[in-house]
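Chemist: Prediction below, plus the sequence it came from.
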Amino acid sequence: MASLTLDQANRIATAALAKGRELSLKPLCVAVLDAGGHLIALQREDGASNLRPQIAMGKASSALGLGVSSRVIGEMAAERPTFIASLAGLADAAIVPAAGGIIVYKAGEVIGAVGVTGDTSDNDETCALAGVETLELD
């Protein structure tokens, strides 16, 4: 089973934050998890609020736990709020139904996830995707 390395996780986080600076976004926080949902890297910009690490990890963990991006989980929450709310008691980590959490694949295999928070959910997702794109995995 392939997995993200610490070097790759740090590169993802650094690139995601760089994208945020390029777009002049609010201070961001980036969490990178391995395929088992364990934290590999976390970077929180100066000025990012106190709950940002938990939110970033929750976005990434949500994506891993349900096998879809946290954007899709947000759409599911709008369509089936009771179902998504019920997951809180089942999951070991928070379920955050908002864009910014994506699964990282290599050759079609899940190797981890990234969660970004701090600006709008759309901007968070843009930064997460920019971080992963730097690895050129597929």
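Modeler: Yes, it's here. Numbering: from 1, shown residues only.
Chemist: So which residues of this protein form helices?
Modeler: Secondary structure of the chain (DSSP state H): helices located at 6-22, 52-66, 70-79, 81-86, 121-133.
Chemist: any idea which of the ones you listed is most buried?
Modeler: helix 52-66 (a mean of 25; mean count of other C-beta atoms under 10 Å). Where you see a C-beta, it was placed from the backbone N, CA and C, and this is true even at glycine.
Chemist: And the contacts of that helix?
Modeler: For helix 52-66, the surrounding residues in contact (C-beta atoms under 8 Å, 6 or more residues apart in numbering) are 27-33, 35, 37, 39, 42, 44, 69-70, 72-73, 76, 87, 91-98, 100-103, 110, 112-118, 124.
Chemist: Just the buried ones out of the residues you listed, please.
Modeler: Burial by neighbour count, 16 or more other C-beta atoms under 10 Å: within those this picks out 27-33, 35, 37, 39, 42, 44, 69-70, 72-73, 76, 87, 93, 95-98, 100-103, 110, 112-118, 124.
Chemist: what's near enough to touch residue 134?
Modeler: By C-beta under 8 Å, 6+ apart, the residues touching residue 134 are 11-12, 15.
Chemist: quick one: it and residue 11, what's the gap?
Modeler: Between residue 134 and residue 11 the computed distance is 6 Å (C-beta to C-beta, to the nearest Å).
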